[in-house]
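# A structural model of the following input is requested.
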Amino acid sequence: MLYQLTGLDLTQIHGIGPHLALRLIAECGTDLGKWPSAKHFASWLTLAPGCKISGGKVLSARTRKTTNRLAAHLRLAAVTVGRTSTALGAFYRRLAARIGKAKAVTATARKIAILFYNAMRFGRDYRDLGADQYERRYRERVIKHLHRRASEFGYTLQQVVRVS
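Reported below is the predicted structural model:
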């Protein structure tokens with residue numbers, strides 16, 4: 001029934017089951033044209049960071065408090081996804097180790113919401129790369145950034161080959 005209603009299989013997105021998909025559609029509808037972009041949608045859900053700025057100085061970038069039921073359900077989905085061996089799970093674990101679990105939950109919930117928005121608005125399919133692929137791409141990004149930073153300071157990096 002859900003597929004007939006939307007024309008998409010929203011349960012392919014990790015963290016979104018049939019129950020959450022129905023809740024999202026019930027609250028947002030099938031036409032997400034009300035929100036010009038995914039950023040607007042995340043802001044409506046209060047999953048985007050705020051920006052209290054005074055005199056050019058950032059006073060706070062916390063997410064706003066909310067009574068939005070969808071945000072609470074997406075946060076629960078993010079906690080659940082954090083225990084899986086998927087790309088979203090690896091994203092959650094990496095952030096949780098670096099900035100804490102509470103912020104990682106919000107960031108992962110925002111990512112799930114954006115995947116839902118893109119699926120509903122533009123018909124994009126979600127394909128999970130898996131945790132290993134995510135970690136490999138993250139490692140490549142970090143190494144590329146290190147090479148760039150080293151070259152800015154006039155150094156070159158070389159890989160150390162270890163013989164065991």
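# list the contacts for residue 108?
Under the criterion of C-beta atoms under 8 Å, 6 or more residues apart in numbering, the neighbours of residue 108 are 15, 78, 81-82, 88, 91-92, 95. In this view, the C-beta of every residue, glycine as well, is placed from N, C-alpha and C.
# Could you check the pLDDT of residue 44?
Confidence at residue 44, expressed as pLDDT, is 89.
# How many residues are close by it?
Residue 44 is flanked by 17 other residues according to other C-beta atoms under 10 Å.
# For residue 147, which non-adjacent residue is spatially closest?
residue 157 (5.6 Å; C-beta to C-beta, 6 or more residues apart in numbering).
# Looks like the one you found contacts residue 145 (just checking).
No: counting by C-beta atoms under 8 Å, residue 157 stays clear of residue 145, with 11.0 Å between them.
# picking up where we left off before, residues touching the residue nearest to residue 147, list them.
146-147, 150.
# ok, now residue 121?
By C-beta under 8 Å, 6+ apart, residue 121 lies in contact with 32-33, 38.
# ditto for residue 119
If you count contacts by C-beta under 8 Å, 6+ apart, residue 119 has them with 8, 10, 13, 125-126.
# ok, back up a step: which among the contacts of residue 157 gets closest to residue 20?
Closest approach to residue 20 among those (C-beta to C-beta): residue 146, at 38.9 Å.
# can you tell me how far that closest one sits from residue 37?
Distance, residue 146 to residue 37, by C-beta to C-beta, to the nearest Å: 32 Å.
# Next: residue 65.
Relative to residue 37, and taking C-beta to C-beta, residue 65 is found at 23 Å.
# tell me which element the spatially most central residue of the chain is part of?
The residue lying closest to the centre of the chain (C-alpha atoms, centre = their mean) is residue 111, at 2.1 Å. Assigned by DSSP states H and E, residue 111 belongs to helix 101-122.
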